[in-house]
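> predicted model and sequence below, questions to follow.
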Amino acid sequence: MTVTDAPSDTSLLPLTPSQIEGPYFRLGAPRRESLIEPGITGERLLLSGRVLTPRGKPIANAYVNFWMSDDEGNYDMLGHHLHGYTVTDADGRYKMEMIEPACYEPRQAKHIHVKVQGVSRMLTTQLFLSDDEGRLRDRWFLPELEINVQEQSNGTKYGTFDFVIEQVTEKDNVTRASLAGRV
Ligand SMILES: [Fe+2]
């Protein structure tokens with residue numbers, strides 16, 4: 001979902017739905033704005049967007065941590081290929097260069113795993129691609145989690161996705177110590 005209008009005083013943006021983590025998340029991913037390294041094949045996808053509160057306020061310094069399979073459906077079980085996090089800027093914006101992952105059994109959809117955290121509990125979810133027909137047969141697909149994939153004239157694909165998360169305070173047990181372990 002991409003937010004185009006700020007909510008009015010009385011309406012709130014819907015929170016980004018959470019979804020399964022799956023078995024392949026690994027701690028310790030590097031910070032970077034591109035998951036493309038030598039040897040990574042597959043269609044390139046430039047993803048960008050914002051992290052917002054339900055009132056549409058940008059969240060700076062939020063962590064956005066992506067991991068995905070390669071273009072044959074394999075996850076890196078030893079290191080952090082196709083796994084990395086970035087941090088939103090003062091306007092709540094992030095960007096990450098990646099690939100369109102493959103689909104693998106038992107899933108029907110190409111999907112991009114992601115964890116997002118501001119001063120908040122961790123949101124774990126996954127994103128889907130509008131140019132992947134398999135998403136419609138996938139049991140976890142939600143339209144709210146779809147990236148509208150466009151193609152530039154040079155063939156590069158790009159898309160945007162805005163996350164909406166609730167910010168909490170220390171009374172909710174979010175402390176400096178708990179935030180320090182968030183990636
Ligand atoms: Fe997965």
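That came in fine, so what should we check first?
> at the geometric centre of the chain, which residue sits there?
Taking CA atoms, centre = their mean as the criterion, residue 114 is the residue nearest the geometric centre of the chain, at 4.0 Å.
> model confidence score at residue 46, please.
Per-residue confidence at residue 46 stands at 97 (pLDDT).
> how near is it to residue 149?
Distance, residue 46 to residue 149, by CB to CB, to the nearest Å: 10 Å. In this view, the C-beta of every residue, glycine as well, is placed from N, C-alpha and C.
> name the residues contacting each of the two.
Here residue 46 and residue 149 have 157, 158, 159 as joint contacts, going by CB atoms under 8 Å, 6 or more residues apart in numbering.
> for the first one, what are phi and psi?
What it means is residue 157. Torsion angles at residue 157 (phi, psi; degrees, to the nearest 10) stand at phi -90, psi 150.
> and it, what are its bridge partners?
Counting by DSSP bridges, residue 157 forms beta bridges with residue 45, residue 151.
> does it touch residue 42 like I think?
No: using CB atoms under 8 Å, residue 157 is not in contact with residue 42; the gap is 10.7 Å.
> residue 159: how many residues sit nearby?
21 (other CB atoms under 10 Å).
> could you look up the SS state of it?
strand (DSSP: H, G, I helix; E, B strand; the rest coil).
> for residue 112, which non-adjacent residue is closest in space?
In space, and not counting its chain neighbours, residue 112 is closest to residue 127: 4.4 Å by CB to CB, 6 or more residues apart in numbering.
> quick one: that neighbour and residue 143, what's the gap?
Separation of residue 127 from residue 143 (CB to CB): 12 Å.
> who are the contact partners of the residue nearest to the centre of the chain?
For residue 114, the contacting residues are 64, 65, 66, 67, 124, 125, 126, 127, by CB under 8 Å, 6+ apart.
> just confirm it is within a helix.
No: Residue 114 sits outside any helix when classified using three-state DSSP, being strand.
> how far away is it from residue 128?
Computed as CB to CB, the residue 114 to residue 128 distance reads 11 Å.
> where does the protein dip in pLDDT?
Counting by pLDDT under 70, the chain shows low-confidence ranges at 5-6, 8-9, 169-183.
> all strands for this structure, in order.
Here the chain has its strands, by DSSP state E, at 44-52, 63-67, 83-87, 93-99, 111-117, 123-129, 146-147, 150-151, 157-160, 163-164.
> distance from the chain centre to the third one, please.
This means strand 83-87. Distance of strand 83-87 from the chain centroid (CA atoms, centre = their mean, to the nearest Å) equals 9 Å.
> can you show me the helices along this protein?
176-180 (DSSP state H).
> can you pull the contacts of residue 109?
103, 128, 129, 132, 134, 135, 137, 138, 140, 141.
> ah, wrong one, I meant residue 156
Residues counted as contacts of residue 156 (CB under 8 Å, 6+ apart) are 44, 46.
> try residue 152
So residue 152 contacts residue 158 (CB under 8 Å, 6+ apart).
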